[in-house]
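Student: predicted coordinates and the sequence they were generated for:
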Amino acid sequence: MPPFKVPAGDNDGGYAVSSYREIDPRLGTTEDLAALATELRHHGISLVLDFIFNHTSDEHEWAQQALAGDKEYQAFYRMYPDREMPDAFERTMPEVFTEDHPGAFTYRTRIKKWIWTTFHTYQWDLNYENPQVFNRMLEEMLFLANQGVEILRLDAVAFIWKRLGTNSQNLPEAHWIIQAFNAIASIAAPAMVFKSEAIVHPDEVNKYIDMGECQLSYNPQLMALLWEALATRDTRVLHYAMGHRYTIPEGCCWVNYVRCHDDIGWTFANDDVQAFGFDPDEHRRFLTHFYTGHFDGSFAHGAPFQEDPRTGQARVSGTCSSLTGIEKALAEQDDTGLELAVRRTLLIHGVIITMGGIPLIYLSDEIATLNEYGYDKDPAKVGDSRWLHRTQFDWERAEQRRELESPAGHVYQGLLRLIQLRGQNLAFARGETEFVQTGNKQVFGFFRSNGQHMVFVLANFSELEQRLEARRLRQMGMRKTMVDLYAGRVITATQELVIEPYQLMVLARVA
């Protein structure tokens with residue numbers, strides 16, 4: 001979460017910034033941040049920080065000047081004297097945080113104006129039609145670069161530009177602004193790169209990825225479809241979507257993840273699920289019901305986020321381990337269910353670690369942390385279910401990471417093996433990912449290759465054993481005898497290859 005100075009109480013977990021040049025005093029000082037960046041660099045680690053450039057807090061100096069009546073600073077934001085323009089904009093715009101406030105505008109009686117607030121009422125959208133806004137935010141960006149920040153996560157890139165008659169998302173001008181930031185950074189701070197946070201249609205996500213724009217990007221489609229495949233036990237949509245959209249410009253890189261600080265939004269393409277006979281709206285409702293435990297046979301303990309009562313659509317909150325079934329199995333003292341839940345956890349992490357790109361493991365998922373249900377005792381967090389998984393790090397639970405009989409130990413040691421496997425095999429270095437049809441819809445498969453180095457990754461998204469024809473494997477270049485690098489054993493498949501429930505296999509030819 002962002003470490004900047006924010007208002008007490010409502011601050012969207014740090015995404016309502018009061019000053020980009022001051023650190024939340026509970027965390028330290030700007031000098032501490034610079035020292036941290038230096039120390040990390042000595043260990044070969046780049047510091048990544050959020051750059052929230054779509055909006056500021058209403059307690060930011062610029063907003064306070066605007067509230068005091070300063071016309072120059074009022075022009076930093078989008079303000080309107082009556083509802084004529086807000087109503088005109090909202091006719092073609094979807095609501096983002098439906099539970100927080102209707103529409104995208106908030107009225108402030110002090111200045112008798114409607115202010116554009118896409119997200120929360122205390123987050124004022126900046127007006128990039130005003131060149132001064134770009135220049136001032138550029139100064140903030142370069143200030144962070146001078147503290148040693150090497151990667152900026154550009155928050156909410158899709159919302160930067162607004163235009164009447166559109167949904168005010170993913171407009172060309174948003175790309176131009178990021179490209180302009182990139183061009184200047186390449187001169188003034190050439191070590192800095194950008195990571196886009198665009199939780200929108202997959203085709204729109206890809207448009208932000210370019211060496212001249214955002215060199216890195218979250219992969220929200222992969223995240224959503226990993227959870228979709230676990231719920232359906234069907235990898236066809238995952239395979240289809242990856243085959244069509246995983247390739248990005250040379251020099252750029254996906255950031256692949258299972259969970260993050262935000263909710264799980266079902267941001268897959270309607271066409272992709274329709275290709276396999278699913279109704280997109282019904283499928284999203286099914287996934288929400290499944291992961292909030294309202295579907296018969298669900299293993300998940302999650303909660304809805306920003307549920308729209310008109311459509312029944314919602315996103316899902318919860319830690320990885322609560323969503324994969326570890327919480328449910330522990331509550332029911334179900335040893336078999338616990339084993340399957342741990343396997344699910346390692347399976348989806350195994351995919352993001354072996355698939356290429358940069359794998360991101362959300363803090364505390366490595367020790368199988370469960371939902372924190374006491375978050376709503378804090379008035380500032382009431383109604384925001386994302387705090388289920390925005391937990392304080394549990395140092396006592398971390399002590400269990402070496403105890404293999406505990407879920408924390410089982411998950412931690414499994415992830416360590418995956419990370420070691422990636423680091424030790426050249427097929428996972430800068431190479432290519434090729435998605436293949438396995439002949440079994442429960443099994444996701446892809447090759448990772450780098451010159452003469454190649455592995456074949458298979459992931460069983462079912463709680464049942466699955467079988468692949470051995471002759472099909474040989475058709476794809478494998479041999480009767482292979483080594484599973486993850487399990488550390490040699491496998492002979494003359495007629496068929498048997499894959500255990502939720503098993504990840506990383507196959508290579510026997511040397």
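Tutor: Looks like it came in fine.

Student: domains of the protein?
Tutor: 219-424, 429-509 (automatic domain parsing).

Student: residues of the worst-scoring helix or strand of the chain on mean pLDDT that come out buried?
Tutor: Using mean pLDDT, DSSP states H and E, the weakest-scoring helix or strand in the chain turns out to be helix 470-475, at a mean of 84. Neighbour counts over helix 470-475 (16 or more other C-beta atoms under 10 Å) mark 470, 472-473 as buried. The C-beta positions use only the backbone N, C-alpha and C, and glycine is treated the same way.

Student: do the same with stretch 351-369
Tutor: Neighbour counts over stretch 351-369 (16+ other C-beta under 10 Å) mark 351-357, 359-362, 364-369 as buried.

Student: do the same with stretch 70-82
Tutor: Buried, per 16+ other C-beta under 10 Å, within stretch 70-82: 73-74, 76-80.

Student: and stretch 370-380, which residues are buried?
Tutor: Buried residues in stretch 370-380 (16+ other C-beta under 10 Å): 370-372, 375.

Student: alpha carbons only: can I get it in CSV?
Tutor: Output in CSV follows, covering the C-alpha atoms of stretch 370-380 (Å, rounded to 0.1, in the frame of the first residue of the first chain):
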residue,chain,number,x,y,z
LEU,A,370,-6.6,-16.4,6.4
ASN,A,371,-9.2,-13.6,6.3
GLU,A,372,-9.2,-11.0,9.0
TYR,A,373,-12.8,-10.6,10.0
GLY,A,374,-12.3,-7.9,12.7
TYR,A,375,-11.5,-5.2,10.2
ASP,A,376,-15.0,-3.6,10.5
LYS,A,377,-14.3,-2.6,14.1
ASP,A,378,-12.4,0.3,12.6
PRO,A,379,-14.9,2.9,11.4
ALA,A,380,-12.7,3.9,8.5
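
Student: ok, and what's touching it?
Tutor: Residues from elsewhere that reach stretch 370-380 (C-beta atoms under 8 Å, 6 or more residues apart in numbering): 9-11, 301-303, 318-319, 321-322, 326-327, 330, 381-384, 387-392.

Student: show me how far it is from its chain's centre.
Tutor: 22 Å (C-alpha atoms, centre = their mean, to the nearest Å).

Student: so for it, what's the average pLDDT?
Tutor: What stretch 370-380 shows for mean pLDDT is 92.

Student: circling back to that earlier point, mind listing which of the buried residues of stretch 351-369 are in helices?
Tutor: Taking DSSP state H, the ones among these that sit in helices are 351-354.

Student: point out where the chain drops to low pLDDT.
Tutor: 511 (pLDDT under 70).

Student: just to revisit the earlier point, quick one: which of the buried residues of stretch 70-82 is nearest to Ser462?
Tutor: Arg78 (49.7 Å; C-beta to C-beta).

Student: what's the closest residue to the closest one other than its chain neighbours in contact with, if anything?
Tutor: In space, Arg78 comes closest to Trp116 once its chain neighbours are excluded; the distance is 3.8 Å by C-beta to C-beta, 6 or more residues apart in numbering. By C-beta under 8 Å, 6+ apart, the contact list for Trp116 reads 77-79, 86, 104-105, 124-125, 127, 162.

Student: let's go with 7 Å and repeat that
Tutor: Residues in contact with Trp116 (C-beta atoms under 7 Å, 6 or more residues apart in numbering) are 77-78, 104-105, 125.

Student: pick out the most distant pair among the residues you listed.
Tutor: By the measure C-beta to C-beta, these have their two most distant members at Tyr77 and Ala104, which lie 12.7 Å apart.

Student: quick one: contacts of stretch 434-452?
Tutor: Under the contact criterion C-beta under 7 Å, 6+ apart, stretch 434-452 has outside partners 229, 233-236, 238-239, 242-243, 354-356, 426-433, 454-462, 466, 468-469, 472, 476, 499.

Student: sorry, back to before: reformat the domains of the chain as TSV; add distance to Asp32.
Tutor: Formatted as TSV, those follow (distance: least, C-beta to C-beta, whole Å):
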stretch	distance to Asp32
domain 219-424	18
domain 429-509	35
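
Student: from what I can see Ile115 touches Arg108, true?
Tutor: Yes. At 5.9 Å, Ile115 counts as touching Arg108 under the criterion of C-beta atoms under 7 Å.

Student: which of those two has more neighbours?
Tutor: Ile115 (24 against 17; other C-beta atoms under 10 Å).

Student: can you give me phi and psi for the more buried one?
Tutor: The phi/psi pair for Ile115 (degrees, to the nearest 10) reads phi -110, psi 140.

Student: can you name the residues bridging to it?
Tutor: When bridges are called by DSSP bridges, Ile115 pairs up with Met79, Thr106.

Student: roughly how far is stretch 424-438 from the heart of the chain?
Tutor: Centre-to-centre, stretch 424-438 and its host chain are 22 Å apart (C-alpha atoms, centre = their mean).

Student: show the end-to-end separation of it, please.
Tutor: End-to-end distance for stretch 424-438, by C-alpha to C-alpha, to the nearest Å: 26 Å.

Student: in that stretch, what's buried?
Tutor: Using 16+ other C-beta under 10 Å as the test for burial, stretch 424-438 gives 425, 427-428, 431, 433, 435-436, 438.

Student: returning to what we had before: in a markdown table: the buried residues of helix 470-475, plus distance to Leu222.
Tutor: Converted to a markdown table, those look like this (distance: C-beta to C-beta, whole Å):
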| residue | distance to Leu222 |
| --- | --- |
| Ala470 | 29 |
| Arg472 | 25 |
| Leu473 | 25 |
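
Student: looking at those, which one is closest to Leu171?
Tutor: Nearest to Leu171 among these, with distances taken as C-beta to C-beta, is Arg472, at 46.0 Å.

Student: wait, what's in contact with Ile326?
Tutor: Ile326 neighbours (C-beta under 7 Å, 6+ apart): 338, 341-342, 345, 368, 370, 407.

Student: and the closest residue in space to it that isn't next to it in sequence, how many neighbours?
Tutor: Of all residues not flanking Ile326 in the chain, Ala341 sits nearest, at 4.3 Å (C-beta to C-beta, 6+ apart). By other C-beta under 10 Å, 28 other residues sit near Ala341.

Student: what's near enough to touch Ala341?
Tutor: 299, 324-326, 329.

Student: how close does it sit to Ala408?
Tutor: Distance of Ala341 to Ala408, computed by C-beta to C-beta, to the nearest Å: 13 Å.

Student: list the contacts of stretch 254-264.
Tutor: Everything outside stretch 254-264 that qualifies as a contact, by C-beta under 7 Å, 6+ apart, is 1, 13, 195, 216-219, 222-224, 226-227, 248, 305, 315-317, 319-320, 348-349, 352, 355, 357-360, 362, 365, 386, 389-390.

Student: kindly write the PyMOL command that selects the buried subset of these.
Tutor: Buried residues among those (16+ other C-beta under 10 Å), as a PyMOL selection:
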select buried, resi 13+195+216+217+218+219+222+223+224+226+227+248+305+315+316+317+319+320+348+349+352+355+357+359+360+362+365+386+389+390
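
Student: restricted to strands, list the contacts of stretch 254-264.
Tutor: Counting by DSSP state E, the contacts of stretch 254-264 place 195, 216-218, 305, 315-317, 358-360 in strands.
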